[in-house]
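A.B. asks: Pasted the sequence and its predicted model underneath.
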Amino acid sequence: MNRHRLAIHLAFLALVVGGGLAVGASNTPDGWYASLAKPAFNPPNWIFGPVWTILYVAIAVAGARTWLRDRRGPAMIAWWVQLVFNFLWSPTFFTLQSIGGALVVVTGMAVAVAAFIALTWRADRPAALLFVPYLAWVCFAGLLNASILWLNASSVAVQQ
């Protein structure tokens with residue numbers, strides 16, 4: 001890998017991993033989240049950090065590959081859109097305590113991730129494949145988000 005390509009990959013890693021860790025650290029679960037009813041399949045809190053860190057590395061590598069191939073193309077646009085939704089979810093859910101708003105955000109994220117996969121499937125299969133586990137996790141997160149909304153519907157309605 002030449003210096004230019006390496007620099008692009010490092011910049012994407014700094015943006016995505018650094019940004020994701022910063023967003024996560026400033027929007028953490030608190031007493032409100034602890035008080036919510038959660039479905040039986042809710043993973044323990046400690047699992048989210050390692051899973052997201054691994055996913056952020058994959059997101060960064062896919063983004064760098066796409067940037068180097070076509071920085072203004074539709075796949076890169078889908079990549080940026082998913083990142084915006086990704087970075088919006090934690091503040092929407094944990095800081096704003098908007099379970100319904102977070103469900104809208106995670107749905108938009110899933111659509112953008114799926115669009116990225118579709119747009120890169122033929123042109124850059126490795127980039128597309130890097131997003132497959134991400135799509136699976138985002139769909140799981142959406143199901144978890146929807147389940148929390150459903151299980152807490154009466155208390156959410158009272159708060160708003």
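C.D. replies: Received the coordinates, thanks. From a predicted model like this one, the values you see are computed outputs, not experimental measurements. Numbering: from 1, shown residues only.
A.B. asks: Ala64 versus Thr95, what's the distance?
C.D. replies: Computed as CB to CB, to the nearest Å, the Thr95 to Ala64 distance reads 29 Å. To be clear about C-beta, it is placed using only N, CA and C from the backbone, and glycine gets the same treatment.
A.B. asks: next one: Ile117
C.D. replies: Taken as CB to CB, the span from Ile117 to Ala64 is 17 Å.
A.B. asks: When these two are compared, which one has more neighbours?
C.D. replies: Shown here are Ile117 and Ala64; by other CB atoms under 10 Å, Ala64 has more neighbours (23 against 20).
A.B. asks: The residue nearest to the spatial centre of the chain: which element?
C.D. replies: Central residue of the chain (CA atoms, centre = their mean): Asn86, 3.6 Å from the mean position. Per DSSP states H and E, Asn86 falls inside helix 74-90.
A.B. asks: Which positions within the next helix or strand after that helix qualify as buried?
C.D. replies: Downstream of helix 74-90, the next assigned helix or strand under DSSP H and E is helix 99-120. Of all the residues in helix 99-120, those buried under the rule 16 or more other CB atoms under 10 Å are 99, 102-103, 105-110, 112-117, 119-120.
A.B. asks: What of stretch 116-132?
C.D. replies: Buried-residue list, stretch 116-132, by 16+ other CB under 10 Å: Phe116, Ile117, Leu119, Thr120, Asp124, Ala127, Ala128, Leu130, Phe131.
A.B. asks: hang on, isn't Val105 packed against Phe87?
C.D. replies: No: in this structure Val105 lies outside contact range of Phe87 using CB atoms under 8 Å: 9.7 Å.
A.B. asks: now what about the helix holding Asn86, what contacts it?
C.D. replies: 16, 19-20, 23-24, 27, 59, 62-63, 66-67, 69-70, 102, 105-106, 108-109, 112-113, 115-116, 119-120, 123-124, 127, 141 (CB atoms under 8 Å, 6 or more residues apart in numbering).
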